[in-house]
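Participant: Starting from these lines, generate the structure:
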Amino acid sequence: MPEESKKKILKPLKNFPLEEHIASGHRACQGCAEVLAVRHVLKAIGPEMVLAMATGCMEIISSPYPLTSWNVPWIHVAFENAAAVGSGVEAGLKALRRKGRVPDKEVTVVAMGGDGGTSDIGFQALSGMFERGHKMIYVCVDNEAYMNTGIQRSSSTPFGASTTTSPAGKMSPSGQNTSKKDMPGIAAAHNIPYVATACPSYYSDLMKKVAKAKEADGPAYLHILSVCPTGWRIPPEKAIEYGQLAVDTGIFPLYEVDHGVWKMSRKPKQLKPVADYLKGQGRYRHLDETLIAVIQKGVDEKWERLLKMTEMTGPATSEQPAQEE
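Facilitator: Residues are numbered from 1 along each chain as shown. From the prediction side, this is the model:
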């Protein structure tokens, strides 16, 4: 990547690239942090890209026939095969460059899906993409349920959340009774060059990680927590705040796995109690003190495992992202 481009990506927000690759006027819900995440990802990559996107919220809000919000080459694909289509685009461009059919320049191939299209029905194609070693980026924009079709649970729905298909009640006091699938850990287990978690509430951290993913010498996986005010039942103006709380309570830690080395991106001196994150969300309003204690215990255990991984594979870091409003 040219030094000039790196500077554009890594400087504070006021110096972020001004060019928009997803246009305003889309139909996202008020306060949608998912479309904000997509906007930041595209800005960090730049215009030289091809994007394959699975069916989901971002496809629905951005492409009502005959309109489109996309200012880059964009392919709408089925729910389950964004990684497969992206793999084909990457292989095809490589062959065309070799034959002199297209200019010999870098074009970043991106596949993108929600948590359902990634951790559920798209998992097979994603694992294949990792195993074959395609040089491309897969981005999961995770709002923790199938929000587009009515707030049904996915394997990324956290324990304790109530959805339309895992409702809290007498039969299941917790609502969702299984834990969130560890997709970043699964991606890292494929031994790919780069894996990272991110959240648009910490935008500079997110964009730095996109820049690293772009330069990776093989597959890169980004898992982005995307707060959904509609599905989480929170006020739209609270989306950024809840993203920050998810990170600072340890519910959604920010870290990266760079060629097998685990590094914390944000390491609070003291994690906030998970109750600070759970309160105010309609999907958690049924939780009692006992269930909150269960969630707290699970978060504490996961946090300790993550710290051990960073100690085992590389030096711990106290580096913090820039203060972000």
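Participant: switch to C-alpha atoms for all contacts and neighbour counts from now on
Facilitator: Fine.
Participant: Spell out the residue ranges of the helices in the stretch 151-300 of the chain.
Facilitator: Remark: helices assigned in the stretch 151-300 of the chain by DSSP state H, counting those that start in this stretch are 183-189, 203-215, 229-232, 239-248, 274-278, 289-313.
Participant: low pLDDT regions in this structure?
Facilitator: Counting by pLDDT under 70, the ranges of the chain that qualify are 1-15, 315-325.
Participant: Can you name the residues that contact the spatially most central residue of it?
Facilitator: The centroid of the chain falls nearest to residue 224 when counting by CA atoms, centre = their mean (1.8 Å). The contact partners of residue 224, by CA atoms under 8 Å, 6 or more residues apart in numbering, come to 37, 139-142, 197-200.
Participant: And it, how far from residue 168?
Facilitator: Taking CA to CA, to the nearest Å as the measure, residue 224 falls 26 Å from residue 168.
Participant: Residue 135 is in contact with residue 90, isn't it?
Facilitator: Yes: if you go by CA atoms under 8 Å, residue 135 and residue 90 touch, sitting 7.1 Å apart.
Participant: Now the common contact residues for these two.
Facilitator: Shared contacts of residue 135 and residue 90, defined by CA under 8 Å, 6+ apart, are found at residue 109.
Participant: Now for the closest residue to residue 150 other than its chain neighbours: which residues touch it?
Facilitator: Once flanking residues are discounted, residue 150 sits nearest to residue 164: 7.2 Å by CA to CA, 6 or more residues apart in numbering. By CA under 8 Å, 6+ apart, the contact list for residue 164 reads 150-153.
Participant: As JSON lines, the contacts of residue 224 with neighbour count would be great.
Facilitator: What follows is the contacts of residue 224, written out as JSON lines (neighbours: other CA atoms under 10 Å):
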{"residue": "37", "neighbour count": "23"}
{"residue": "139", "neighbour count": "26"}
{"residue": "140", "neighbour count": "25"}
{"residue": "141", "neighbour count": "28"}
{"residue": "142", "neighbour count": "24"}
{"residue": "197", "neighbour count": "24"}
{"residue": "198", "neighbour count": "29"}
{"residue": "199", "neighbour count": "29"}
{"residue": "200", "neighbour count": "26"}
